[in-house]
Each structure stands twice: as structure tokens, then as C-alpha cells.
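A.B. asks: model the following, please.
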Amino acid sequence: MIRRVGAAEIASRKGAAFPVVTAYDAPFARCAEAAGIDVILVGDSLGMVVLGYDSTAQVELADMIRHAGAVARGAQRAHVIVDLPLGTYEASDEVAVASAIELVKRGGASSVKLEGGENVASRIRAVVQAGIPVCAHIGVLPQTAALGSGFRLKREHDRMLRDADAVAKAGAYAVVLEMVEDALAAEITQRIPIPTIGIGSGPRCDGQVLVLHDVLGLYPDAPPFAKQYASLGETATNALRAYAGDVKAGVFPAERAERTERATAASEESSYRP
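C.D. replies: Model (predicted):
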């Protein structure tokens, strides 16, 4: 039986560089795992890069359950972190626990992630006490950023340290630092006993996470801190253009007799041994 990477193993990676990537379906989850990435985040960023929303605010718990299930089925060993979307944990500890249980039971989550620092410490503590590991998320909080200070680099030294201390003390096994000033992110990483996972927070976090669509060049508006490793959007467009051209030109599909002849020739060629 294949065992998934557990939260305790991730917590033990403090001081070691490790990659994390988002995924939202089974095929790309398999790709990530085959590439040696054993921590996958099913982020509510799926609202924008998969579902076409303007922000993450419209994402529902049912969306997270559906996509988390696909990722969990696609990756056999990777730890699958799943976001609790806006509105599924703020009201009370009890609501947070109920939502987290749904993600584990119906979505196959290995752990859950929620946004906030001191203000959500009791939520983290309650979910952890219910037996579900929690990854915290401080710095820029995408679920509510547009309602407040926006997506600006976080430099509030004392506030960020208090948030980092609070989530670690509450029992989170790791914390995402999003768009935190580099030196401050480094200080937090040295200060708290749990791994930090940076996104736009400089090179001195323990781990790094990027959105899959930014890595692969599938989304047109990648943030400036992301690095594009391929241009699959362009490749896909060119492939679809070629297919459309073949159909319009009557080249695809070939006549049945022609296809049979080609298949027979290919079979005879492969079976020939000199």
C-alpha cells in the first residue's frame, strides 16, 4: 500500500528547500508527482485559473471538494493541501472544523489551509484538535485582499511576527508567506519552528510554491514573482489550430480504407525482424 507524505514529514523539512505546486485535476497531479513534487496545493486560485472568476471569492466548498478529489486520485503519494475557501471557516471554530472534515472525507485532503494570523488562531487550534493538520497562510490574503490593502508587499514587521507566532503556537505544521518583504520573510523563517512556504516572499523561505498555470505558461497574467518554465498555452493553441486546419481542409479524418492500410503497414513494419 502506498502511503502519502504526512504533515509531520513536511514539518520535519524545516531548513530544507522543497517545492510545492498547485494542481486542480488528476492529469496535472500525476505530472507533478512524476516530477518529484510530493506536496501539492489545491488552491482556491482555481476560481481564476480554472473556473474563470475574477477572484477567489466566488469559490465554494463544493468546488474545492470536487477538484481536491481529482488531485487525490491523480497523485498516489503526494501530500494534498486543500484550501478552505472564503466563508467556510470565519464564522466559528465549529464551522471551520465541519468544513475541514468535508474536505478530508469527500475531497481526500491530507491537510487544509486557511488564511489569517492572530485572528484565526482559534480556528487553527480547533481543526488541529479535531485531528486534521493545518497549513496556515499569512501576508497577502487573496480571499480578502481586494477588500482591504490589496496585493501590496507586506512590510508590517511587528504585525507579521505576531501572526507568524500565533499560527505556529496554534498548531499549524507549516505556513505560507505570500508577498512578504524578503528580509522579513527570512526573519520569520528563522524565528518560528515550522516550515515557511514562500510565494513572492524571496529565496530564504524553507519551501516555495507557485501556481501550476504560471509555471507552465497556461495563464496570461502571471504575477511578477512567478517564473515561467514552459509556454504550453502557445503550444496548445498551435496544436488546436493545426487540428482545425486539417478538419477544414478535409485532411482529418482520413478515409477508412486509407487508415486501415496505414495501420496494416505500420504493424508489418514493427513486426519485421532482419
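
A.B. asks: any idea how far residue 134 is from residue 177?
C.D. replies: 15 Å (C-beta to C-beta, to the nearest Å). Heads up, the C-betas are built off the backbone N, CA and C, glycines and all.

A.B. asks: surely residue 138 meets residue 174?
C.D. replies: No: using C-beta atoms under 8 Å, residue 138 is not in contact with residue 174, being 11.5 Å away.

A.B. asks: of all the residues in stretch 42-54, which ones are buried?
C.D. replies: Within stretch 42-54, the residues scored as buried using 16 or more other C-beta atoms under 10 Å are 42-51.

A.B. asks: which ones among those are found in helices?
C.D. replies: Using DSSP state H, 46-49 are the members of the buried residues of stretch 42-54 that sit in helices.

A.B. asks: quick one: which of these is nearest residue 119?
C.D. replies: Closest to residue 119 out of these is residue 47 (22.3 Å), distances taken as C-beta to C-beta.

A.B. asks: what residues are up against that closest one?
C.D. replies: 53, 55-59, 63 (C-beta atoms under 8 Å, 6 or more residues apart in numbering).

A.B. asks: again, only this time at 6 Å
C.D. replies: By C-beta atoms under 6 Å, 6 or more residues apart in numbering, the residues touching residue 47 are 53, 56, 58-59.

A.B. asks: out of those residues, who's nearest residue 246?
C.D. replies: residue 53 (34.1 Å).

A.B. asks: so which strand or helix has the closest one?
C.D. replies: Residue 53 belongs to no helix or strand when assigned by DSSP states H and E.

A.B. asks: residues in contact with it?
C.D. replies: Counting by C-beta under 6 Å, 6+ apart, residue 53 makes contact with residue 47.

A.B. asks: what's the pLDDT at it?
C.D. replies: For residue 53, the pLDDT comes out at 95.

A.B. asks: do you know how far it is from residue 86?
C.D. replies: Relative to residue 86, and taking C-beta to C-beta, residue 53 is found at 12 Å.

A.B. asks: over to residue 145?
C.D. replies: 11 Å.

A.B. asks: so which of those two has more stuff around it?
C.D. replies: Using other C-beta atoms under 10 Å, the more surrounded residue of residue 145 and residue 86 is residue 86, with 22 against 19.
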